[in-house]
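> Predicted model and sequence below, questions to follow.
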Amino acid sequence: MLTINNLDIRYGKKHLFNNISVQVHTGDRIGLVGVNGAGKSTLLKIMAGTIEADGGVVSRAGWFTVAYLPQEVILEVGDRTLYEEAITAFDELLALQKELAEIEKKLGTMSAADPRMQGQLHKLGELQHLVEGHDIYQIRARTEKILTGLGFAEEDFNRPVATFSGGWIMRLLLAKLLLRRPSLLLLDEPTNHLDLQSLTWLEEFLESYDGGMVIISHDRAFLDRVTTRTWELSLGRLTAFKGNYSRYLREKEQRLEIERAAWANQQAKIKQTERFIERFRSKATKARQVQSRVKQLAAMDRITLSGTEKRVRFSFPPAAPSGKEVLAIRGLTKGFGDKTLFSRVEFNLLRGDKLAVVGVNGAGKTTLLKLIDGQLAADAGELRLGHNVVKTYFGQHQARELAGEATVLDTLYQRASDMTMTRVRSLLGAFLFSGDDVDKKVSVLSGGEKSRLALAAMLVQPANLMLLDEPTNHLDMNSQEVLQEAMADYRGSIIVVSHNRYFVNRFVNKVLEIRDGRVRLFEGNIDDYLDRCRRESEAEIKSDSRAGASRLPGGGEKNRGRRDKKQLRRQRARQRRERNRKLGPLKKKEAAMEEKIEELEERKKRLEATMGDPELYSDRERWAEISREYDTVKRHLDRHYHRWEEIQERIETIERELGGQ
């Protein structure tokens, strides 16, 4: 579908891309990962054609379409409404429909003997095929479904696009891409402007999407659910891995272990050979053996250890402990104009609590944080900080307060009163400032760099209550992990607003949901909260079904008991036949797939035992043979697991449709 051959881009001495060659096939679901600055967005732009590469480097099949979502974009919306702008995604399709209508009209005026008739009929057939394949009569239903899924309310459909914020306009652009149904989706941080509810919907949509996709995201949970392959960009090279992000991490570590073992064995052999040469160099009787070993060393294909990105650790500066009760909120109410965001909010935060605030965009999450920080005044209610509470705040626009003339290093060092220069530099490294970057003035930094610096500057100030609004928006995976570990070890209290589930899952112990102007407090992390929501939703659906059945004629308990038993048996027999007809073939495939997976797992286990033998690495040909076999088995195993999961999903879908009968 799309091929990149020997892509090589150099800036000065730095290789952004070093002879990269990759392919995207139909249905591939690829996560593109790497540290900030590795070139991920640039590679996506080259694939989309917005940046031209040298001739022959990028090849695209003529039959497929590509849609690209950048991180930030300016949309010229004019005076269109949300719905009018959304359906511009179908402009090409609607043009086909118009052409189709014109041909039909023209055919109505032609006689059967007209020599142009055959050509027009042929063109008519082609256009009908194109139009029918895109299900043109479902445009409104599809548009409303996708807009609603991405968080727009029905009353938003007739609002001018110009009245929406930048985050909502990015959702609109994403909606237009999904409506086009391209062969290949290229998405650069598609989750940045989504709340938890819209993010969950997008995951489900992409899971069932027929086309291919390459996605850049710093949301690990999102990549784990949506992707089945991973490309890693690191130090100018691209390495392809089977599996989602979590599997990529495991496989990468396994590859590095094998590589390190092979390198260590080769180094031992090199040293042994060099000692022999040095010892017998001057002896005429050993001259032939010495020359033979010199040639061996010269011809040896040296193993080079893969470069790895630097990892650093960070811990928060200690602050005096607060009292047991950190925060008490009673009857808190806040609104803007005629709209009330929330009313009569009540909850307590205790020392050591780490609270995630969730809710749809516009529910009032950021407003709640600003009320606690004292930036806004409540309309009603009481907000009381506990004894000896020292708070610090990071907002999405905190970067604007940085002094433009100060350097990056000075900005952080001036705030880090108890940190050495070495620790300050290490922290800057965690936030992707290294080398000469630390001497840049704040005024020349990009928006993302300023946000990272503002976050780092906040984190070095001793505090026992941290208020964080989307702290990971401009951090790559490695930096997120550094911050996540520090949050988990932090002994103070945290209130965090974040759409990044994997990030907050590890350290939060409570979740506050803002919905429809009310709040609910849940014990546990985000996974516990989502599980509780799923159970509540399922219970609500069952309750509605029972209520609907009881309202039907003959639906009450007495009438239900009087149903004709023979008719009920027939109904159950039909359900069993339908179940067996749909599930029988899939169950057979499932059993065959499980048998094959067991066989491959056993082969993989035997190969791993062989690879654990240090003597293997002294026989280069044997090691290469075992490595190739191991890679082949893993490839087949990944493919079979993927197919097995697809079968499982189909079985579960059918069972849900049949009501588990």
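Sure thing, it's come through.

> and Ser234, how far is that from Val442?
Distance from Ser234 to Val442, counting by C-beta to C-beta, to the nearest Å: 28 Å. C-beta: built from backbone N, CA, C; applies to glycine.

> To clarify, my last question referred to Leu383.
Distance from Leu383 to Val442, by C-beta to C-beta: 33 Å.

> Going by residue numbers, what spans are helices in the stretch 551-661 of the chain?
Here the stretch 551-661 of the chain has its helices, by DSSP state H, counting those that start in this stretch, at 557-561, 565-611, 620-657.

> Secondary structure element holding the residue nearest to Met421 when sequence neighbours are not counted?
Spatial nearest neighbour of Met421, excluding adjacent residues (C-beta to C-beta, 6 or more residues apart in numbering): Tyr413 at 6.7 Å. Assigning secondary structure by DSSP states H and E places Tyr413 in helix 408-415.

> Please apply the same query to Val504.
In this structure, Val504 sits in helix 501-505 according to DSSP H and E.

> how much space between Phe241 and Gly435?
Following C-beta to C-beta, the distance that separates Phe241 from Gly435 is 29 Å.

> Kindly report the same for Met300.
To Gly435, Met300 is 34 Å away according to C-beta to C-beta.

> what about those two, which has more around it?
Between Met300 and Gly435, counted using other C-beta atoms under 10 Å, the more crowded position is Met300 (13 against 7).

> Test my guess that the more buried one contacts Gln267.
No. Counting by C-beta atoms under 8 Å, Met300 stays clear of Gln267, with 11.1 Å between them.

> any idea how far Glu646 is from the nearest residue to Asn158 once chain neighbours are set aside?
What sits nearest to Asn158 in space, not counting adjacent residues and going by C-beta to C-beta, 6+ apart, is Thr81, at 5.1 Å. Look at Thr81 and Glu646: by C-beta to C-beta, they are 39 Å apart.

> Give the residue from the two that has the larger number of neighbours.
Ranked by neighbour count (other C-beta under 10 Å), Thr81 and Glu646 place Thr81 first, with 16 against 12.

> Quickly list what the more buried one is bridged to.
Counting by DSSP bridges, Thr81 is bridged to Pro160.

> check contacts around it.
Phe157, Asn158, Arg159, Pro160, Val161 (C-beta atoms under 8 Å, 6 or more residues apart in numbering).

> Redo those residues as CSV? Include neighbour count.
Output for those, formatted as CSV (neighbours: other C-beta atoms under 10 Å):
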residue, neighbour count
Phe157, 16
Asn158, 10
Arg159, 15
Pro160, 14
Val161, 21
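
> Looking at the residues you listed, spot the one nearest Leu355.
Checking those against Leu355 with C-beta to C-beta, the nearest one is Arg159 at 33.1 Å.

> That closest one against Arg80, yeah?
No. Arg159 is beyond contact range of Arg80, at 10.3 Å (criterion: C-beta under 8 Å).

> Between its first and last residues, what's the separation in stretch 84-97?
One end of stretch 84-97 to the other measures 18 Å (C-alpha to C-alpha, to the nearest Å).
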